[in-house]
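Undergrad: All I have is the shape, not the residue letters:
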């Protein structure tokens with residue numbers, strides 16, 4: 001990761017401007033093309049997804065499964081401890097993806113950031129029939145790396161869940177805050193420190209702009 005790029009970049013507004021975070025340049029907002037639940041922000045790689053790059057234009061065919069990013073505002077379950085919250089939400093992701101299970105790879109943490117009271121992460125690989133709010137472009141189950149962070153905000157009884165879905169073989173994300181064309185991107189075949197660092201920029205830079213979002 002190159003923190004100077006992330007720190008200098010203009011953040012992307014989320015949830016009508018209630019939150020913001022620094023994103024890679026290649027991501028596009030799915031809500032421009034289909035309905036997304038009010039408590040979610042869903043973004044996909046515009047360079048490989050079957051969504052139009054310009055509203056109103058015809059979508060290009062998907063040549064491969066694409067990376068996606070989902071940010072969710074979920075009600076805080078007080079029966080789930082801080083230590084267990086990341087795994088708790090990962091279990092839900094696995095159910096939603098119609099996965100028979102997953103292989104935990106490692107845990108993650110967030111050392112700083114503007115809005116977090118407590119945070120944690122877990123990274124895993126699963127065979128998913130659905131991910132990123134859609135089915136696999138190739139059909140059937142697909143090996144997907146899932147990088148999930150939870151930012152718990154007890155004052156508004158909310159868990160903010162940030163989930164990257166990275167299908168094996170898909171292009172990994174660019175460096176958040178850098179011009180898309182200037183950033184080399186490679187296909188995902190394993191979790192590397194660089195890949196994790198690029199994904200972690202989103203939860204690290206996530207901040208609350210308007211606390212009225214939670215009212």
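TA: Nice, I can see it. Bear in mind that the values here come from a model prediction, so they are computed numbers and not experimental data. Numbering: from 1, shown residues only.
Undergrad: My guess is residue 104 contacts residue 126. True?
TA: No. Counting by CB atoms under 8 Å, residue 126 is not a contact partner of residue 104; they are 9.9 Å apart. Where you see a C-beta, it was placed from the backbone N, CA and C, and this is true even at glycine.
Undergrad: These two: which is more packed in?
TA: Counting neighbours by other CB atoms under 10 Å for residue 104 and for residue 126 shows that residue 126 has the greater number, 23 against 12.
Undergrad: So what sits opposite the more buried one in the bridge?
TA: Counting by DSSP bridges, residue 126 forms beta bridges with residue 102, residue 144.
Undergrad: State the distance from it to residue 25.
TA: Distance, residue 126 to residue 25, by CB to CB, to the nearest Å: 27 Å.
Undergrad: same check, this time on residue 76
TA: Distance, residue 76 to residue 25, using CB to CB: 32 Å.
Undergrad: Residue 67 and residue 198, how far apart?
TA: From residue 67 over to residue 198 (counting by CB to CB), the distance is 10 Å.
Undergrad: quick one: low-confidence ranges for the protein?
TA: Applying pLDDT under 70 to the chain picks out residues 1-8, 49-64, 111-117, 130-140, 178-183.
Undergrad: and the spatially closest residue to residue 166 that is not a sequence neighbour, how many neighbours?
TA: Spatial nearest neighbour of residue 166, chain neighbours left out: residue 145 (4.3 Å); criterion: CB to CB, 6 or more residues apart in numbering. Neighbours of residue 145 under the rule other CB under 10 Å: 25.
Undergrad: Over to residue 201?
TA: Neighbours of residue 201 under the rule other CB under 10 Å: 24.
Undergrad: Could you verify that it is part of a helix?
TA: Yes. With DSSP: H, G, I helix; E, B strand; the rest coil as the criterion, residue 201 is located in a helix.
Undergrad: isn't residue 127 right up against residue 145?
TA: No. Counting by CB under 8 Å, residue 127 sits too far from residue 145 to count as a contact (11.4 Å).
Undergrad: More neighbours: which of residue 76 and residue 25?
TA: For residue 76 and residue 25, the more surrounded residue by other CB under 10 Å is residue 25, and the numbers stand at 19 against 16.
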